[in-house]
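> predicted model follows, preceded by the sequence.
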Amino acid sequence: MSESLRRLVLALVVVGIVGLWVELLLLRHAESATQLIPHVALGIGLASTVAVYFRPEPMTLRIFQVVMLIFLITGALGVYLHLRGNVEFALERDPTLTGAKLIWKALRGASPALAPGALAQLGLLGLVFTYKHPAFTGTGGAQNLD
């Protein structure tokens, strides 16, 4: 991956983190401890992204990779929690719902069921950034690895 493409990928990670964080703040996504999880993950993610930008060394890159894995886990957990909440709400309104009808109601519920997947996507994008990073091979940051 060329250095300019690698920088673009990292910039997309930053834009995604800031965008998701702003959206969570606008939605007041902080009513419970579980709703604070993505805020903490995004804060750590932003800090590790800035660290990688200024010090693209093996240690900061490894930390960044761990944080991106946390993004993947947090995103999956968020999808589960959103779906679970939507299922509970749907069953409160209509206890007879089952099968495909229940799944459909859960997917279209009050909590955006798949929205936390955006955090998982950012995690994948961050891992793409680190793939065959020059700092891991000792070739320096300016070389094109294509």
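Thanks, I have it.
> so where's this protein uncertain?
Low-confidence segments of the chain (pLDDT under 70): 139-146.
> what's the next secondary structure element after the longest helix anywhere in the chain?
Selection of the longest helix in the chain by residue count, based on DSSP state H, yields helix 58-93. Using DSSP states H and E, the helix or strand that follows helix 58-93 towards the C-terminus is helix 99-107.
> who are the packing partners of that next one?
Helix 99-107 sits against helix 58-93, with contacts defined as 3 or more Cβ pairs under 8 Å, 6 or more residues apart in numbering; DSSP states H and E. C-betas here are computed from N, CA, C, even on glycine.
> quick one: the helix it packs on to helix 99-107, angle?
Taking axes from the mean of the first three to the mean of the last three Cα atoms, to 10 degrees, helix 58-93 and helix 99-107 form an angle of 120 degrees between their directions.
> what comes up buried for the longest helix of the chain?
Neighbour-count burial for helix 58-93, with 16 or more other Cβ atoms under 10 Å as criterion, is recorded at 60-61, 63-65, 67-68, 70-72, 74-75, 77-79, 81-83, 85-87, 90.
> before we move on, what about stretch 99-118?
Buried residues in stretch 99-118 (16+ other Cβ under 10 Å): 102-103, 105-106, 109, 111-113, 115-118.
> nearest to residue 19, of these?
residue 118 (8.6 Å; Cβ to Cβ).
> helix or strand: which one has that closest one?
Going by DSSP H and E, residue 118 is in helix 117-130.
> let me know whether residue 79 touches residue 111 as I believe.
No. Residue 79 is not in contact with residue 111 according to Cβ atoms under 8 Å; the separation is 10.0 Å.
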